[in-house]
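Asker: Sequence and predicted structure below; questions after.
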Amino acid sequence: MSIDVSFLGATSRTTDASGTKVPTKELDKQAFLDLLVAQLRNQDPSAPMDSSQLMTQTTQLSTMESLVALADTQRESFALQMRMAAAQLVGQQVTWTDAAGATQKGVVTAVSYAGSVPTVKIGDTDVTLDAVSSVTSAGTAGTTTATGASA
């Protein structure tokens, strides 16, 4: 559901690379505060807004801020877990399916955190962590290369 806040003169905005403020289509904290201030400014003095409504709206703002912070924390935690999982694969034999649909095996020699999903280096091949389908100890599985041939 979208709400038209253009009558406020200040909609939710983000700043682009050139420093220009660009309107967005999402209501954020600032848009919520702008709506609340506009509501307070335009209220009928003979029938002011009920204080319980004001308290409810303030509580909603606080709840929204807490949920945004919680989502950010969860996103950071998940990214850290992926990095830790990728690091633990060094020296382990992994199996994955390549772009041609063939199952490949190899020993992880390095990890890269350059992208949003960590990649593991197997021979000359970079494999995203989410493409790894199984992990076995390199000592018990034998050594293989990224093409699946035994070494």
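Answerer: Noted; the coordinates are in hand. Numbering: from 1, shown residues only.
Asker: Low-confidence regions, the chain specifically.
Answerer: 1-27, 140-151 (pLDDT under 70).
Asker: do that again at 90, thanks
Answerer: Along the chain, segments meeting pLDDT under 90 span 1-62, 64-65, 68, 97-101, 115-117, 123, 130-131, 137-151.
Asker: Could you report the separation of the residue with the largest distance to the centre of it from Ala38?
Answerer: Most distant from the centre of the chain: Ser46, at 47.5 Å, with distances by Cα atoms, centre = their mean. The spacing between Ser46 and Ala38, counted by Cβ to Cβ, to the nearest Å, is 19 Å. Yep, even glycine has a C-beta here, placed from its N, CA and C like the rest.
Asker: Name the helix or strand for the residue farthest from the centre of the chain, please.
Answerer: Following DSSP states H and E, one finds Ser46 outside all helices and strands.
Asker: Could you number the chain from 640 rather than 1 from now on?
Answerer: Okay, residue one is now 640; in that scheme the one you just asked about reads as Ser685.
Asker: Now it: phi and psi?
Answerer: phi -80, psi -20 (degrees, to the nearest 10).
Asker: Thr742 too?
Answerer: phi -80, psi 130.
Asker: ok, how many other residues are close to Thr758?
Answerer: 19 (other Cβ atoms under 10 Å).
Asker: nope, Asp737 is what I was after
Answerer: 14.
Asker: what does Thr775 give?
Answerer: 14.
Asker: With Arg722 instead?
Answerer: Neighbours of Arg722 using other Cβ under 10 Å come to 14.
Asker: could you measure it against Val733, distance?
Answerer: Relative to Val733, and taking Cβ to Cβ, Arg722 is found at 16 Å.
Asker: Do a quick rundown of the helices in the protein.
Answerer: 668-680, 690-727, 777-780 (DSSP state H).
Asker: how near is Ala670 to Met694?
Answerer: Distance from Ala670 to Met694, by Cβ to Cβ: 20 Å.
Asker: who's more crowded, those two?
Answerer: Ala670 (18 against 10).
Asker: Quickly list the domain ranges of the protein.
Answerer: 645-723, 725-780 (automatic domain parsing).
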